[in-house]
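Engineer: need a structure here:
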Amino acid sequence: MAVPQRARKRAAKLRELLAYHARQYYTLDAPELSDSAYDAFYHELRELEGRYPELVHAESVTQRVVGEVLPFLEKVRHQVPQWSFNDAFTEEDIRAFDERVRKTSGATPAYDLELKIDGLKIVLTYKKGILTTAATRGDGVTGEDVTHNIRTIREVPERLTRPVDLIAEGEVYLTRSGFEELNAARERTGEPPFANPRNAAAGSIRQLDPKIAAERPLGAFMYDVAATSETFPLTQSNELAYLAALGLPVNSEHRHTGTLEEVFAYWKKWKGSARGETDYQIDGIVLKVESRAAQEALGYTGKAPRFGIAYKFPPEQVTTILEDITLQVGRTGKLTPVAHLTPVAVAGTVVARATLHNEDFIKEKDIHIGDTVILQKAGDIIPEIVSIVKELRPKGAKAWRFPTRSALCGGDGSIERVPGEAAHRCKKAGSFEQRARKLIHFAGKQALDIDGCGHETVRLLMEHNLISDFDDFFELTKDELLALPGFEETKSVNLIAAITQAKKVSIDRLLIGLGIPHVGGETAFLLATHFQTLAVLGKATEESLSKIDGIGPIIGKAVAEWFKDANNHALLARLGKHLTIQKVVAPQKGPLTGQTVVITGTLPTLSREEAEARVRRAGGKVVASVSLKTSFVVAGENPGSKFNKAHQLGVYIINESAFLKKLET
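Structural biologist: Numbers count the residues shown, from 1 in each chain. Next up is the predicted model:
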């Protein structure tokens, strides 16, 4: 069947377009197409080639997979020996390296700083501009031939822009977003998840079947010229520009520097928030002496170049000793076991405590007091115990069991396990710490928002027997405050003014402040808009509550039981003497109707609570975590892991200004 001229031209243009945009994205770091648009063009080309096999072109991005399954990985002897960099972990290590370079070279060095990609080293060999071999580093002398798999990586060109003989060194990596998707898929099929993106990349490249590598989101960056038939670049920066000019993927994130202060600043930048802006894993930066002549003069040790060093980020996982386990009580009476650790630095900070979640978590990991534990920071923020090292358990180490009593609880201190849950709680509420947490929550920004009434102030008021329940806030006087240590005229007047302002409160904020189990911002808004008044809500049955979309049986039961309690009835009556409770009306249809929103970071003018309230008033729903179902993320300063997650998943991210414009539409 003859190929229509129109289809022939279309296929040729698609090949050219895809090759160009692959280079824009991977080499120049200046994408002009979204990922979804690129994929659409890719699939169109695949369909054309399937309909008209004559259109299949050897250099097409669709034909990088070698269909034949090879029986083994052949060995490749490197034409140029392959090395690995020595590591540095502190500023002192870097200063010592710099001093060695100065002493050996007799000159003041300039450095090229590059990101250290956490992947698999690869060596590409081109003959007259055509890719002939791709090999792993191996032992530095002999590597594995993985050409069949490297050909599946879109941005690694089959043909260079010039017919040059070239040996180039670089790194193959698996995208972080792809790593999460890959592990999720493996778990669904019962396969063990990969430990990290680097292992996943290595496992992908060392497959016999190239179809496996083709299915995985692999990328590559080249960073060194090992040999060339053309004039060798004079500097490391020139090497990177030379590789890019030949059409090879080069990471644009590198810089030239002449001072160690700039080295440390660059390292700190990438150790911090910038690290989460990439879709590839980095574990440090690499310093290379800029001058090629100086590099050759400095030479190599038995295993590493003298002209470069890897300045690693602090370790993300460390080991330490679990010295003790104590309990912490929450505002609802829930008790959480906390590990007390021998202080250890992890991800840049010293950690001495980590939550152990619940009794089941401790049993599952077989945690004993005295164990050596592996610790990491979840999302680079929260310390968590990953596992124990049982082989290092000391003789006589004690297994920990949840106690039946605690001084943190009121009454006789009795503890019970919550039926159907892994949590434990105080049987009787009333401990000082528990009451303090409830009062702090009531006065907090999400609830009554009493400015100036934080943790220390609440505890001070409690210690002087001025407050013990929510309504006590509204009976405080300026004279009582002036009698407290640290309270002068201005501070006392300001707190009384803040309390007076808080007497006007919307019903949803009050519901949040009351501390009803499972009732947060979204649930409080649902209840407030559905029932309008506390009186009507208080009469609702568990069954009627459970039928409300977004409430369900667990929340319905908790709310119904809270309003049945006689003590809570009395509390509401007392609060009613002080508060003006305002209704909340759900929008019939707003600019955000049907949309799910995540808010993260510090916004320029809006508090988190006000931003969330505006989302709800506009018909949207606020959620705590980012997923593929998230409509968009509003990000301010220091957005943290939610921003990174949105970036990985391709979720739309906007700032406060764009968010306010959305509310006007």
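Engineer: Could you list the domains of this structure?
Structural biologist: Here the domain assignment for the chain is 5-63, 76-312, 317-417, 452-582, 596-664, based on automatic domain parsing.
Engineer: what's the span of the last one, first residue to last?
Structural biologist: Which is domain 596-664. For domain 596-664, the first and last residues are 17 Å from each other (C-alpha to C-alpha, to the nearest Å).
Engineer: Going forward, the N-terminal residue is numbered 615.
Structural biologist: Noted, 615 is the first residue going forward, which turns the last one into domain 1210-1278.
Engineer: if you average pLDDT over it, what comes out?
Structural biologist: Averaged across domain 1210-1278, pLDDT comes to 86.
Engineer: how close does the nearest residue to residue 1053 once chain neighbours are set aside get to residue 1051?
Structural biologist: Take residue 1053 and drop its neighbours on the chain: the residue closest to it by C-beta to C-beta, 6 or more residues apart in numbering is residue 1072, 5.0 Å away. The way it works is simple: take the backbone N, C-alpha and C, and place the C-beta from them, glycine included. The spacing between residue 1072 and residue 1051, counted by C-beta to C-beta, to the nearest Å, is 9 Å.
Engineer: swap in residue 1030?
Structural biologist: Distance from residue 1030 to residue 1051, by C-beta to C-beta: 19 Å.
Engineer: Who has more neighbours out of the two?
Structural biologist: Taking neighbours as other C-beta atoms under 10 Å, residue 1030 and residue 1051 compare with residue 1051 leading, 20 against 15.
Engineer: same for the lengthiest helix in the chain, what does it pack against?
Structural biologist: Criterion DSSP state H: the longest helix present in the chain is helix 619-640. Applying 3 or more C-beta pairs under 8 Å, 6 or more residues apart in numbering; DSSP states H and E, we find helix 619-640 packed against helix 649-665.
Engineer: Would you indicate which residues of the next helix or strand after the helix it packs on are buried?
Structural biologist: Moving toward the C-terminus from helix 649-665, the next helix or strand (DSSP states H and E) is strand 689-691. Residues residue 690 are the ones in strand 689-691 that count as buried (16 or more other C-beta atoms under 10 Å).
Engineer: residues making contact with strand 689-691?
Structural biologist: For strand 689-691, contacts defined as C-beta atoms under 8 Å, 6 or more residues apart in numbering pick out 747, 749, 752, 755-759.
Engineer: Please look at residue 812 and residue 787 and confirm they touch.
Structural biologist: Yes. Contact criterion C-beta atoms under 8 Å: residue 812 and residue 787 qualify, at 7.5 Å.
Engineer: By mean pLDDT, which helix or strand of the protein comes out lowest?
Structural biologist: Of all helical and strand segments in the chain, the minimum by mean pLDDT, DSSP states H and E falls on helix 649-665, at a mean of 62.
Engineer: quick one: which helix or strand includes residue 826?
Structural biologist: Per DSSP H and E, residue 826 falls inside helix 824-828.
Engineer: Where does pLDDT dip in the stretch 1065-1214 of the chain?
Structural biologist: The stretch 1065-1214 of the chain contains no residues with pLDDT under 70.
Engineer: which residues in it form strands?
Structural biologist: Secondary structure of the stretch 1065-1214 of the chain by DSSP state E, counting those that start in this stretch: the strands cover 1118-1120, 1194-1196, 1210-1214.
Engineer: Looking at those strands, which is nearest to residue 1156?
Structural biologist: strand 1194-1196 (23.3 Å; C-beta to C-beta).
Engineer: Quick one: list the elements packing against the closest one.
Structural biologist: Strand 1194-1196 packs on strand 1118-1120, helix 1121-1127, going by 3+ C-beta pairs under 8 Å, 6+ apart.
Engineer: Can you name every helix or strand that the longest one contacts?
Structural biologist: By that I understand helix 1121-1127. Using 3+ C-beta pairs under 8 Å, 6+ apart: helix 1121-1127 touches helix 1046-1057, helix 1135-1145, strand 1194-1196.
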